[in-house]
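Enquirer: Take a look and give me a structure for this.
(one chain, ligands or ions: 4)
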Amino acid sequence: MNTSFGNSGAVLSIRRGAVLHITARTRPHLNSESKLPLLSSLFLSTTTSRAASATASMSYHKQLAAAKKAASVAARLCQKVQTALLQSDVQSKSDKSPVTVADYGSQAIVSLILEKELTAIPLSLVAEEDSGDLRKEESRETLHRITELVNDTFASDGTINISTVSEEDVLNAIDTGKSEGGPHGQHWVLDPIDGTKGFVRGQQYAIALALLDEGKVVLGVLACPNLPLSSIAKSDFSSSEDKVGCLFFAEVGGGTYMQSLDGTPPTKVHVSTNENPEEASFFESYEAAHSSHGLSSLIASKLGVKAPPVRIDSQAKYGALSRGDGSIYLRFPRRGYVEKIWDHAAGYIVVAAMFTCLCLPKAGGVVNDAGGKPLDFSKGRYLDLDTGIVVTNQQLMPALLKAVQESISEKASSL
Ligand SMILES: Nc1ncnc2c1ncn2[C@@H]1O[C@H](COP(=O)(O)O)[C@@H](O)[C@H]1OP(=O)(O)O
Ligand SMILES: [Mg+2]
Ligand SMILES: [Mg+2]
Ligand SMILES: [Mg+2]
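Expert: Residues are numbered from 1 along each chain as shown. Ligands and ions are numbered 1, 2, ... in the order given. Model (predicted):
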């Protein structure tokens, strides 16, 4: 069935339950490792030491628990929508990117749960979606469906003490996400569905939630409902029958943990300690329009990487990297594209919250721009970047940055 949406020109061919085609015109759990975070302020990695020094004495356990709950409940709404995707659930925003009832529903759920769980200070939320289109007359049915989904999701979760919400409550909860963020105070940063194109294709996506404190990312949660619990190091992992649904979480100076979305106890994860580029595998966007595959392959060949790229959508790439499924993530959007903080904040801390300790002396992920500078989340809703984003471990970063610079110059001179 082909259906156009308004003036935006998005065309979708969708069968109930499956997307056939899309074209667009237009405190960690008390396990044996639970004592490690207590040591962490003594052995911080260089990548997080500045943020950690400002915040080492602070504890974000209450916020982390609320964030895990919010992202897990939002993930349930997204799973429900993805398995029974209806054509009317996908619309197109003014920038031609897709948005679904699940993007809105997920944002409303996270906003309502954070508000309910964290009453000490007023909620400041920097989030991707706003209610502008939903308040239009033609969106009445869509808003009704989102509200129904939010209420059904709360009702089916025995731990959520939120009474039935109205359509106006949903609109207001979505609009809580209009904060501008910035260098002072605490701000939550949310991408309610990161990788909407992957979501619509029935593939990878993430609910990405992070907390900024004085401009630094201090905690992050990544819910990846379709990511296998076991490694996706091989590019053909999609054929795997493995159990899926991962929840990654990290607190500054406390390392990164992963548990299944259905609640198994968390285990500590760490980035690959591989020092040999020939043994490295790298992640990049599934969507060629989001990141230059040509530039990545040039960089990979300069480095001597042998494995083909693993292409998946969303910040699930950061999650996979944080547990060592691969050692490099490359992202080079087209010229003029401005990266948003919600597309990287949670992924950044999940990779960079590693701490060096006596047992893992070289553990630690680094997230830089293509010029080698750390990402700065204190500038508002956007990131001010040199060319692209490169992620790897501390050992490989110098060689990677050299290959990145050489490849960028080579490409520029060939134009
Ligand atoms: N033209 C674009 N170039 C780069 N990234 C984009 C573009 N359009 C949307 N994005 C965002 O990039 C991220 C996904 O990229 P990828 O999956 O390739 O890593 C998502 O955050 C997506 O937004 P959204 O959150 O709306 O899905
Ligand atoms: Mg979007
Ligand atoms: Mg996104
Ligand atoms: Mg999004």
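
Enquirer: And stretch 112-122, end to end?
Expert: In stretch 112-122, first residue to last residue: 12 Å (Cα to Cα, to the nearest Å).

Enquirer: got the buried residues for that stretch?
Expert: Neighbour counts over stretch 112-122 (16 or more other Cβ atoms under 10 Å) mark Leu112, Ile113, Leu114, Glu115, Glu117, Leu118 as buried. Every residue, glycine included, has its C-beta placed from N, CA and C.

Enquirer: Helices - which of the residues you listed land there?
Expert: Per DSSP state H, helices hold the following members of those: Leu112, Ile113, Leu114, Glu115, Glu117.

Enquirer: Reformat the residues you listed as TSV; add distance to Glu148.
Expert: Shown next, in TSV, are those (distance: Cβ to Cβ, whole Å):
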residue	distance to Glu148
Leu112	15
Ile113	18
Leu114	22
Glu115	20
Glu117	23
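
Enquirer: How far off centre is the helix or strand hosting Ala208?
Expert: Here Ala208 sits within strand 206-213, counting by DSSP states H and E. Distance, stretch centre to chain centre, for strand 206-213: 8 Å (Cα atoms, centre = their mean, to the nearest Å).

Enquirer: right, quick check: whatever helix or strand comes next after that strand against ligand 1, any contact?
Expert: Counting by DSSP H and E, the next helix or strand C-terminal to strand 206-213 is strand 216-228. No - counting by Cβ under 6 Å from any ligand atom, ligand 1 is not contacted by strand 216-228; separation bottoms out at 11.8 Å.

Enquirer: Check stretch 84-104 too.
Expert: Yes - with Cβ under 6 Å from any ligand atom as the criterion, ligand 1 is reached by stretch 84-104 at Ser97.

Enquirer: Going forward, the N-terminal residue is numbered 593.
Expert: Will do, 593 is the new start, and the previous item becomes stretch 676-696.

Enquirer: for the residue lying closest to Gln674 once chain neighbours are set aside, what are its contacts?
Expert: Take Gln674 and drop its neighbours on the chain: the residue closest to it by Cβ to Cβ, 6 or more residues apart in numbering is Phe791, 6.1 Å away. Phe791 makes contact with Cys670, Gln674, Thr692, Ala694, Ile785, Tyr797, Asp905, according to Cβ atoms under 8 Å, 6 or more residues apart in numbering.

Enquirer: And for Gly774, nearest residue in space, chain neighbours not counted?
Expert: Counting by Cβ to Cβ, 6+ apart, Gly774 lies nearest to Gly972, which is 5.7 Å off, once chain neighbours are set aside.

Enquirer: so is that neighbour in a helix, a strand, or just coil?
Expert: At Gly972 the chain is in coil, as set by DSSP: H, G, I helix; E, B strand; the rest coil.

Enquirer: who touches it in this structure?
Expert: Here Gly972 is in contact with Glu772, Gly773, Gly774, Ile933 (Cβ under 8 Å, 6+ apart).

Enquirer: Most neighbours among those residues, please name it.
Expert: Among the contacts of Gly972, Ile933 has the most neighbours (other Cβ atoms under 10 Å), with 27 neighbours.

Enquirer: correct me, but that one touches Val718?
Expert: Yes - counting by Cβ atoms under 8 Å, Ile933 does reach Val718; the two are 6.4 Å apart.

Enquirer: related to what we said a few turns ago, who are the packing partners of the strand holding Ala800?
Expert: Strand 798-805 sits against helix 653-675, helix 693-709, strand 778-786, strand 808-820, helix 937-944, with contacts defined as 3 or more Cβ pairs under 8 Å, 6 or more residues apart in numbering; DSSP states H and E.

Enquirer: So what's the gap between the helix or strand following the last one and the chain middle?
Expert: Going back to what we said before, that points to helix 937-944. With elements assigned by DSSP H and E, the helix or strand that comes after helix 937-944 is strand 957-961. How far strand 957-961 lies from its chain's middle: 15 Å, per Cα atoms, centre = their mean.

Enquirer: contacting residues around strand 957-961?
Expert: The contact list for strand 957-961 (Cβ under 8 Å, 6+ apart) reads 639, 863, 913-914, 936, 939-940, 943-944, 946, 966-967, 977-986, 989, 993.

Enquirer: The same query, at a cut-off of 6 Å, please.
Expert: 639, 863, 940, 943-944, 946, 967, 977-978, 982-983, 985-986, 989 (Cβ atoms under 6 Å, 6 or more residues apart in numbering).

Enquirer: Stretch 767-786 too?
Expert: So stretch 767-786 is contacted by 694-695, 698-699, 702-703, 715-720, 723, 791, 797-798, 800-805, 807, 906-907, 933-934, 937, 970, 972-973 (Cβ under 6 Å, 6+ apart).
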